[in-house]
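Enquirer: model this:
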Amino acid sequence: MEQQRDRTSRLIKAGAIAIVRAGAGAPLGDVVKALRSGGITAIEITMTTPGALQAIAAAANEFPDVMMGAGTVLDSETARHAILAGACFLITPTLAVDVIQVGRRYGVPVVAGAMTPTEALEAWEAGASIVKVFPANVVGPEFFRAMRGPLPQIPLAPTGGVNLDNSEPFLRAGAVVVCLGGSLVPRNVGTKDLPEITDKAERLVKMIEAVRSEEK
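Expert: As a prediction, this is how the structure comes out:
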């Protein structure tokens, strides 16, 4: 449990999780390096990405200062394979209790998907470390602000339609970390995109630091 709490704290401290969902042949190692150069320290590679497990293992070995995670984890078997590959956090698109259980067994935080207050509470009570509100662009920042009233104990993270423009409102509304996918790393990512990925990452990190410094 101590390892799980420590990794959860690191995820929240990171402020942002970069989501890498790419096609075959994507330069995944270079993408991780570009994100890291921009200051991102938590990166999720989705299990829908060809070679995801190998990329997670390679990046975890090459960049020990970066938290590598597996996304779109739908079942306990995939969760275990991801953890053995080196993933230090798991993200689910839905409320997958069996994945949460595997995470708890191995001391790996699970960011569990939910859409409603009922699902969010179920995920939290099942042992999720953070609840991922998906798709966040449907409910908007006001949903996060409203949830802080009856359920202040649940750390929330927005995913789906989150970008550099709306990340700040989500953070100010109570999100503990923001998750950015295609707005940060395009699905058809290539080497030509790497400089822009680093630039966007730098801007995102600076914004998060500015918001948090104001709140102190």
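Enquirer: and the longest helix seen in the chain, which residues are buried?
Expert: The residue-count maximum for a helix in the chain (DSSP state H) belongs to helix 194-215. Neighbour counts using 16 or more other Cβ atoms under 10 Å place L194, I197, T198, K200, A201, L204, V205, M207, I208 of helix 194-215 among the buried residues. Every residue, glycine included, has its C-beta placed from N, CA and C.
Enquirer: and stretch 162-174, by the same measure?
Expert: By 16+ other Cβ under 10 Å, the buried positions in stretch 162-174 come out as V162, N166, S167, E168, P169, F170, L171, A173, G174.
Enquirer: first-to-last residue distance for it?
Expert: Using Cα to Cα, to the nearest Å, the end-to-end distance of stretch 162-174 comes out at 15 Å.
Enquirer: what are the contacting residues of it?
Expert: Residues outside stretch 162-174 that contact it (Cβ atoms under 8 Å, 6 or more residues apart in numbering): 15-16, 136-137, 141-145, 147-148, 156, 158, 178-181, 183-184, 200, 203-204, 207-208, 211-212.
Enquirer: show me the contacts for A59.
Expert: Taking Cβ under 8 Å, 6+ apart, one finds L28, G29, V32, I43, I45, V66, M68, G86 in contact with A59.
Enquirer: of these, just say which sits nearest to D75.
Expert: Distance to D75 across the contacts of A59 (Cβ to Cβ) is lowest for I45, with 17.2 Å.
Enquirer: wait, what's in contact with the closest one?
Expert: By Cβ under 8 Å, 6+ apart, the neighbours of I45 are V20, L28, A52, A55, I56, A59, M68, G69, A70, G71.
Enquirer: any idea what it is bridged to?
Expert: V20, A70 (DSSP bridges).
Enquirer: which pLDDT does the model give it?
Expert: Per-residue pLDDT puts I45 at 98.
Enquirer: how much space separates it from V20?
Expert: Distance from I45 to V20, counting by Cβ to Cβ, to the nearest Å: 5 Å.
Enquirer: okay, and the common contacts of these two?
Expert: By the contact definition Cβ under 8 Å, 6+ apart, I45 and V20 are jointly contacted by L28.
Enquirer: buried residues in stretch 110-127?
Expert: The neighbour-count check on stretch 110-127 (16+ other Cβ under 10 Å) flags 110-115, 119-124, 126-127 as buried.
Enquirer: for these, work out which two are farthest apart.
Expert: For the buried residues of stretch 110-127, the farthest-apart pair by Cβ to Cβ is M115 and G127; their separation is 18.8 Å.
Enquirer: next up, the contacts around E209.
Expert: E209 neighbours (Cβ under 8 Å, 6+ apart): G15.
Enquirer: helices along this structure, start to end?
Expert: Ranges of helices in the chain, per DSSP H, are 2-14, 28-37, 52-62, 76-85, 97-106, 117-126, 136-139, 141-147, 167-172, 194-215.
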